[in-house]
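> can't give you the sequence, but here's the structure:
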């Protein structure tokens, strides 16, 4: 079936530009049009979809507004390098955040083991240093590109459930809530800039000393008990946080 035939032209089916946009967007987030690849020109797209140039331009403008494509004067339109995005106003795993926009996450499980808790991990989990904890290390990929290297530390009684879970495709929060019946209440997050060391740079496919975002997150259940402590290194060119904050206005003074 041709691409043109895949557009629904029946009355009430929605604007054609929105359908073209949705089709191109699916090809981008699905990896068929990888980051930095050049999109076909407007003339080629009008022929491919059987629509007017105005329709194609509107679809491309919307994709550009979403940050999925960018234009280079005199050279054409290109697919943006994929970025994983999380909203800081919601407590959710990276897989949950990306699923909401139709992007799949793949996790390369590098380690699932028990080891003695170092001092900082012990403090975060509220246990004595040297107490056995579960260490889960995962390299997380978006559109075939590594975006984060994550080390998670959990109480040792979670090990059996983690071994049964599909950690390559599921978020840790999902496993904790659905497989272990934990009710997550809140998380405390600290974010800072770090330069990539040799091992992290190799895993994330960046140059040594490249800028990274380092996140430390302690997650607690509804009663305030720590259930997970994460150290996460994000590629600076492949990840962003976003949030909306409101300005707090001081009460106005009565005029004298």
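Received, thanks. Nothing here was measured: the structure is a model prediction, and the numbers come from that model.
> Cross-check the contact I'm expecting between residue 105 and residue 139.
No. Using Cβ atoms under 8 Å, residue 105 is not in contact with residue 139; the gap is 11.0 Å. Every C-beta, even on glycine, is put in place using the N, C-alpha and C of the backbone.
> These two: which is more packed in?
The neighbour count for residue 105 versus residue 139, taken as other Cβ atoms under 10 Å, is higher for residue 105 (23 against 18).
> With residue 168 as the reference, measure out to that one.
From residue 105 over to residue 168 the distance is 9 Å, taken as Cβ to Cβ, to the nearest Å.
> just residue 45 next, same as before
Separation of residue 45 from residue 168 (Cβ to Cβ): 36 Å.
> ok, these two, which is more surrounded?
Under the neighbour definition other Cβ under 10 Å, residue 45 and residue 168 were set side by side, and residue 45 has more, 21 against 11.
> I'd like the distance between that one and residue 75.
Plainly put, residue 45 is 16 Å away from residue 75 if you go by Cβ to Cβ.
> now swap in residue 108 and tell me
According to Cβ to Cβ, residue 108 and residue 75 sit 35 Å apart.
> For beta bridges, what are the partners of the closest residue to residue 108 other than its chain neighbours?
By the measure of Cβ to Cβ, 6 or more residues apart in numbering, the closest residue to residue 108 outside its immediate chain neighbours is residue 139, 4.2 Å from it. For residue 139, the beta-bridge partners are residue 108, residue 149 (DSSP bridges).
> so residue 139 touches residue 111, yeah?
No. With contacts counted by Cβ under 8 Å, residue 139 stays clear of residue 111, the gap being 10.4 Å.
> Poorly predicted segments of the chain, please.
Counting by pLDDT under 70, the chain contains low-confidence ranges at 1-5, 29-30, 81-104, 143-144, 238-246, 249-256.
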